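> Here is my input, please return the structure:
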Amino acid sequence: MNVHTPQTNTIYPTPQDKLLSSKLLKFIVFNQTASYWFFRPMMAAFAYRTQLLLKPTQLDPSKHYIIAANHQSMIDPFVVCYALSPQLFARLVPFRYFAHNALFDKVLRSILLCLGAFPASRNSRYSYGLEAARLFLQHHQSIVIFPEGRRVVGLTRPRSGIEVLAKDPNVEIIPVHIQWYKNKWHYRSYRIVIGSPLTEKNLSARQILNRIYKLPFSTNDWADLK
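Numbering: from 1, shown residues only. Model prediction:
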């Protein structure tokens, strides 16, 4: 009797779900929580203003959340998380970040994995891309994504990944608008506003990005980062 043996791709084998191991997840939660409490006060030195339109009561325990922000600085993923209130942070942790595959070299790979990052595109060792993001969402982990896909200043054409993920009826988008600038002494600072979840469904990537950039920077409504 012939036994059928499934073929495997020897160049790009199907990655095992190493990124969902309980040991790694506990390490990610520990690292993110420790860095939150350590760096959050330090980030106040860089934050010109921050505004939280999002309240803990707006988060539905039955929903999965994607934090979608515009992208101007390498440290934006951390800026977004450190700007959350302790109650929001505790509700949304752990965070999983899309990261460029080139960063997953032998030097940075372990650091990125322990901070919650995963490859944005095809990878031979780890779950990657939109399928990995869906997997993390199903396991009640929050996704941090930048619809523009790269660091830019000003509105540009978004990538379609956020639109695909947002079609899930159990997923809601938390929009975040960040603006970096330099003062006359060339000191870099930023202001950030974190909006309420987008309850509208079937939004396109362009519509989601427009919602991000429409979050207001009103100096009369700012609350200092505390």
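> Which residue ranges of the protein form helices?
22-43, 76-82, 86-92, 109-115, 129-138, 161-166, 205-214 (DSSP state H).
> any idea which of those helices is most buried?
Counting by mean count of other C-beta atoms under 10 Å, helix 76-82 has the highest mean neighbour count of the helices of the chain, with a mean of 22. For glycine as for every other residue, the C-beta is placed from the backbone atoms N, C-alpha and C.
> So which bits of the longest strand along the chain are buried?
In the chain, assigned by DSSP state E, the strand with the most residues is strand 171-182. For strand 171-182, the neighbour count (16 or more other C-beta atoms under 10 Å) marks 171, 172, 173, 174, 175, 176, 177, 178, 179, 180 as buried.
> Where does pLDDT dip in this structure?
1-17, 154-155, 183-186, 218-226 (pLDDT under 70).
> From the centroid of it, which residue is nearest?
Geometric centre of the chain, nearest residue: residue 144, 1.0 Å, by C-alpha atoms, centre = their mean.
> for that one, what are its contacts?
Taking C-beta atoms under 8 Å, 6 or more residues apart in numbering, we find residue 144 in contact with 66, 67, 69, 77, 80, 81, 95, 96, 97, 98.
> quick one: contacts for the first one?
Pointing back at residue 66 there. Residue 66 touches 133, 137, 142-145, 162, 165-166, 171-174, counting by C-beta under 8 Å, 6+ apart.
> Could you do the fifth one as well?
For residue 80, the contacting residues are 67, 69, 144, 176, 178, 192, 194, taking C-beta under 8 Å, 6+ apart as the criterion.
> now do the fourth one
Neighbouring residues of residue 77 by C-beta under 8 Å, 6+ apart: 95, 97, 144.
> let's see it at 6 Å
Shown in contact with residue 77 (C-beta atoms under 6 Å, 6 or more residues apart in numbering): 97, 144.
> Next: the third one.
Residue 69 makes contact with 80, 146, 176, 178, according to C-beta under 6 Å, 6+ apart.
> redo that, cut-off 8 Å
76, 80, 144, 145, 146, 175, 176, 177, 178, 212.
> Please tabulate those residues in TSV and include distance to residue 22 as additional columns.
Shown next, in TSV, are the contacts of residue 69 (distance: C-beta to C-beta, whole Å):
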residue	distance to residue 22
76	29
80	26
144	21
145	24
146	28
175	31
176	29
177	35
178	33
212	34
